[in-house]
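In: Need a 3D model of the following:
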Amino acid sequence: MAIAEEELKIATTPLTLTAGAAEMVKDLISQQDRDDLALRVYVAGGGCSGLQYGMALDENIEADDQVFETSGVKVVVDSQSLRYISGSVVDYVDTGMGGGFKVENPNATGGCGCGSSFSTEDGAQSSGGGCGSGCGCK
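Out: Sure thing, here's the model as predicted:
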C-alpha cells in the first residue's frame with residue numbers, strides 16, 4: 001500500500017503549520033516584499049512555566065538549523081528548540097479580541113493558561129517569577 005504524499009510529508013516534517021497559520025505567514029512575508037524569508041520557530045527560557053515559544057521571519061540559516069517546508073512555507077528550527085517542539089502543530093487563531101499563533105505541543109506537560117509558556121517532562125521549568133499576565137499556570 002502506497003503512502004499518500006501528504007501523509008509522508010507529515011511523517012517527515014518535525015513541525016507542521018495549519019492552512020490558517022501558513023496563509024498568515026505567507027501574508028506577513030508578502031508584506032515584507034522579500035522571498036528570502038523563512039519562519040523561524042524557537043523555544044527560549046522564560047514565562048511562568050519555564051519555556052516559551054517564539055516566532056520570527058528570518059533570512060539567516062545557522063549550521064545547527066533544521067530547514068523544511070510545510071504547507072508551502074519554509075520553516076527553520078534550531079536543533080535545541082527542536083527537541084522541545086518536535087511534532088507540534090502551529091495554528092493561527094482569530095478571536096473577537098484579536099488573533100495570534102497557537103502551538104499544540106505534544107511534548108508539553110504543563111503550561112501557562114494563555115498558552116505562551118510551557119514545561120516538559122525533562123524538567124525544563126521556570127526559575128520563578130511568573131508571567132505576570134494573570135493567565136495562570138497549569
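In: all helices for the protein, in order.
Out: 5-12, 19-32, 79-85 (DSSP state H).
In: Those: which one's closest to residue 91?
Out: Nearest of the helices of the chain to residue 91, taken as C-beta to C-beta: helix 19-32 at 5.2 Å. In short, each C-beta sits where N, CA and C put it, glycine included.
In: what's the average pLDDT for that closest one?
Out: Helix 19-32 carries an average pLDDT of 96.
In: ok, now how distant is residue 79 from residue 32?
Out: Note on residue 79: its distance to residue 32, by C-beta to C-beta, to the nearest Å, is 26 Å.
In: ditto for residue 93
Out: When residue 93 is compared with residue 32 (using C-beta to C-beta), they lie 22 Å apart.
In: for residue 15, same thing?
Out: 21 Å.
In: go on, residue 91?
Out: 22 Å.
In: Which residue of these two possesses the greater neighbour count?
Out: Legend: neighbour count by other C-beta atoms under 10 Å for residue 91 and residue 32, higher for residue 91 (17 against 11).
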